[in-house]
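# Got a sequence here, can you build the structure:
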Amino acid sequence: MKKIALAISGLLLSQTLFAQGFSDYGSGIKLNVNQDGSKYIRFITWNQIWLRNTQNNPGSAVAGVPEDNSWSIGNRRLRFLAMAQISKRFTIVTHFGINNQTFINGGAAGTSGTGGYGQGKKPGMFFHDAWNEYAVVQPTEKSKFSLSIGAGLHYYTGLSRATMASTLNFLLVDAQIFNWPLIDNSDQFARQMGIFAKGKWDRLEYRFSVNKPFATNLSPVNATSDATAIAVDNNGKSKWSQAGYVEYQFCDIESNALPYKVGTYLGTKKIFNIGAGFYRQPEGTRSMVNGVTSKHDITLLSADVFAELPVGDKAKNMAINVYGVYYHYDFGPNYLRNLGIMNIAGNDTTYTGSRAIAGAGNLQPTIGTGSIAHVQAGFMLPCKNPAAKLRIQPFGAVTHKQFEALEHASTQFDIGANWLISGHHAKISTQYSTRPVYTSTTAKPTAKGELTVQFQVYL
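Down below sits the predicted model:
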């Protein structure tokens, strides 16, 4: 029975790490420490390179040169992950790398000017994940309940499926970023340090954690009334946060060996899940009115549904993929964060027109007190040969945001396709996305666009 349990454990882990659309790669890079393979270390390495054309927000300049439209190329993610299991109960995970390096930014701290440490050069590599895990209760023939506990810098941060998304197998080119609502403020690139518990009870999967958020200390602007108060990230000596996510898996059971939720299995599984999650941190933000400071709890809630189902003639290997999620965010009054992935632009000091309140380049209102609804869908086009070296998966998405700080809601769209050369292991993704541009908090938004081509390889 022990050998069977080890074999099943190894199979599930392989499904999580490597079996995402192409079989040529087997179980991936694995080094056995003993003869039966019960002690081992596994490795994953991946690169995601972006080529982009961006319609910049009004009043933008790149390296001091005014530009309405700009081309760029950058390293979105360069990563390495190692997972070691010294027994069927003990696991250690270490994950490090860099993100968001362009020709002008994303370099090491203090890089500027020209030379060996000029703009954008030699980014600092850092740990994304580093935790230890112990399997307290393992499933048996009589009981389908399991429980593992762990501690460290981890990704079991609850809230939604997308909040714990794998970056290896997105349906779209990337995440929407609002799925990581604390990104690089009170977390470290979507991770926090704490203690987590995870497991399954038959078809119900659960993840809960208690964490110590990273300290934040932004100073609130002194408003003249409660209506104009603006909450900012300032948790002082941060209080412990609580997070959780539960989902019911109606069809195939997904592996939970690692926290990373698959975006698309490329039709290799039949999935239908419904989930809900939360995140709460007491006194996570502050605002000020007439010199009096108020503290506000951060309360984040979500509900989502994920499905990947085969359709039509089985011989043609077609499948649909749908993910829908609703977020209710409360960071305090009028809280708003403007973000832009690998934004290369700054302000054009000569510009005299109406600027975007988000800032220059591709910045947009991304996270805030209010609600966000997002739906995305993809379709694996028919192919009679499941081992074909090229599969095509068109996709689209729509997002609706209603933030307290902005009088008018926004709706934005994504459309594109994955050109799967070797499943997710080697693919080129193309996507056109729109984003809202506000020139004031009371104005209706206009739209700008961005074309992204991603080159991905992972092994």
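# Now do the host helix or strand of V305: distance to the chain's middle.
Using DSSP states H and E, V305 maps to strand 292-311. Remark: strand 292-311 is offset 13 Å from the chain centroid, using Cα atoms, centre = their mean, to the nearest Å.
# Could I get the full set of strands for the stretch 151-300 of the chain?
Using DSSP state E, counting those that start in this stretch, the strands found in the stretch 151-300 of the chain span residues 192-201, 204-212, 222-223, 232-233, 241-249, 271-289, 292-311.
# Tabulate these in a markdown table, adding columns for mean neighbour count, distance to V398 and mean pLDDT.
In this view, the C-beta of every residue, glycine as well, is placed from N, C-alpha and C. Putting the strands of the stretch 151-300 of the chain into a markdown table (neighbours: other Cβ atoms under 10 Å; distance: least, Cβ to Cβ, whole Å; pLDDT from 0 to 100) gives the following:
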| stretch | mean neighbour count | distance to V398 | mean pLDDT |
| --- | --- | --- | --- |
| strand 192-201 | 20 | 30 | 98 |
| strand 204-212 | 19 | 28 | 98 |
| strand 222-223 | 14 | 34 | 98 |
| strand 232-233 | 22 | 29 | 98 |
| strand 241-249 | 20 | 23 | 98 |
| strand 271-289 | 21 | 20 | 98 |
| strand 292-311 | 18 | 15 | 98 |
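# Take the strand holding V305, keep the C-alpha atoms, and write them as PDB.
Taking Å, rounded to 0.1, in the frame of the first residue of the first chain, the C-alpha atoms of strand 292-311 are listed here in PDB:
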ATOM      1  CA  VAL A 292      -7.600  63.100  12.300                       C
ATOM      2  CA  THR A 293      -6.300  59.700  11.100                       C
ATOM      3  CA  SER A 294      -8.700  56.700  10.800                       C
ATOM      4  CA  LYS A 295      -7.700  53.100  10.400                       C
ATOM      5  CA  HIS A 296      -9.600  50.700   8.100                       C
ATOM      6  CA  ASP A 297      -9.700  47.000   7.700                       C
ATOM      7  CA  ILE A 298      -9.000  45.400   4.400                       C
ATOM      8  CA  THR A 299     -11.800  42.900   3.500                       C
ATOM      9  CA  LEU A 300     -11.700  41.100   0.200                       C
ATOM     10  CA  LEU A 301     -14.300  38.600  -1.000                       C
ATOM     11  CA  SER A 302     -14.700  36.500  -4.200                       C
ATOM     12  CA  ALA A 303     -16.700  33.800  -5.900                       C
ATOM     13  CA  ASP A 304     -15.700  32.000  -9.100                       C
ATOM     14  CA  VAL A 305     -16.400  29.200 -11.500                       C
ATOM     15  CA  PHE A 306     -14.000  27.300 -13.700                       C
ATOM     16  CA  ALA A 307     -14.800  24.800 -16.400                       C
ATOM     17  CA  GLU A 308     -12.800  23.000 -19.100                       C
ATOM     18  CA  LEU A 309     -15.000  20.600 -21.000                       C
ATOM     19  CA  PRO A 310     -14.600  18.500 -24.200                       C
ATOM     20  CA  VAL A 311     -17.100  19.300 -26.900                       C
END
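# ok and that strand relative to strand 271-289, angle-wise?
Computed by axes from the mean of the first three to the mean of the last three Cα atoms, to 10 degrees, the angle separating strand 292-311 from strand 271-289 equals 170 degrees.
# Which other helices and strands does strand 292-311 contact?
Applying 3 or more Cβ pairs under 8 Å, 6 or more residues apart in numbering; DSSP states H and E, we find strand 292-311 packed against strand 271-289, strand 318-330.
# can you tell me which of those comes nearest to L204?
Nearest to L204 among those is strand 271-289; the distance by Cβ to Cβ comes to 10.1 Å.
# pretty sure L172 is touching D414, no?
Yes - using Cβ atoms under 8 Å, L172 is in contact with D414, at 5.8 Å.
# burial count for the nearest residue to A443 once chain neighbours are set aside?
Nearest non-adjacent residue to A443, counting by Cβ to Cβ, 6 or more residues apart in numbering: H408, 7.3 Å away. Residues near H408, counting by other Cβ atoms under 10 Å, number 13.
# show me where pLDDT drops low in the chain?
1-28, 386-388 (pLDDT under 70).
# Tell me where it has helices.
Under the criterion DSSP state H, helices of the chain are mapped to 2-17.
# if we can go back for a sec, tabulate the strands of the stretch 151-300 of the chain in JSON lines, adding columns for distance to P139.
JSON lines is the format used below for these (distance: least, Cβ to Cβ, whole Å):
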{"stretch": "strand 192-201", "distance to P139": "7"}
{"stretch": "strand 204-212", "distance to P139": "12"}
{"stretch": "strand 222-223", "distance to P139": "54"}
{"stretch": "strand 232-233", "distance to P139": "41"}
{"stretch": "strand 241-249", "distance to P139": "14"}
{"stretch": "strand 271-289", "distance to P139": "19"}
{"stretch": "strand 292-311", "distance to P139": "23"}
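# shared neighbours of L172 and D414, anything?
Common neighbours of L172 and D414, using Cβ atoms under 8 Å, 6 or more residues apart in numbering, are 376, 395, 397, 431.
# ok, the closest residue to P445 other than its chain neighbours to I415 distance?
Nearest residue to P445, sequence neighbours excluded (Cβ to Cβ, 6+ apart): P436, at 3.7 Å. Going from P436 to I415 by Cβ to Cβ, to the nearest Å gives 17 Å.
# Pick out whichever of those two has more residues nearby.
Neighbour count, other Cβ under 10 Å: between P436 and I415, P436 has more, with 21 against 15.
# right, and the more buried one touches A447 too?
Yes - using Cβ under 8 Å, P436 makes contact with A447 at a distance of 6.4 Å.
# what residues are shared contacts of the two?
In contact with both P436 and A447: Q412, using Cβ under 8 Å, 6+ apart.
# before we move on, the earlier item: could you dump the helices and strands packed on strand 292-311 to a markdown table with distance to G340?
Shown next, in a markdown table, are the helices and strands packed on strand 292-311 (distance: least, Cβ to Cβ, whole Å):
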| stretch | distance to G340 |
| --- | --- |
| strand 271-289 | 22 |
| strand 318-330 | 19 |
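# how about stretch 176-185: buried residues?
Using 16 or more other Cβ atoms under 10 Å as the test for burial, stretch 176-185 gives 176-183, 185.
# What is the end-to-end distance of that stretch?
Taking Cα to Cα, to the nearest Å, stretch 176-185 runs 17 Å from one end to the other.
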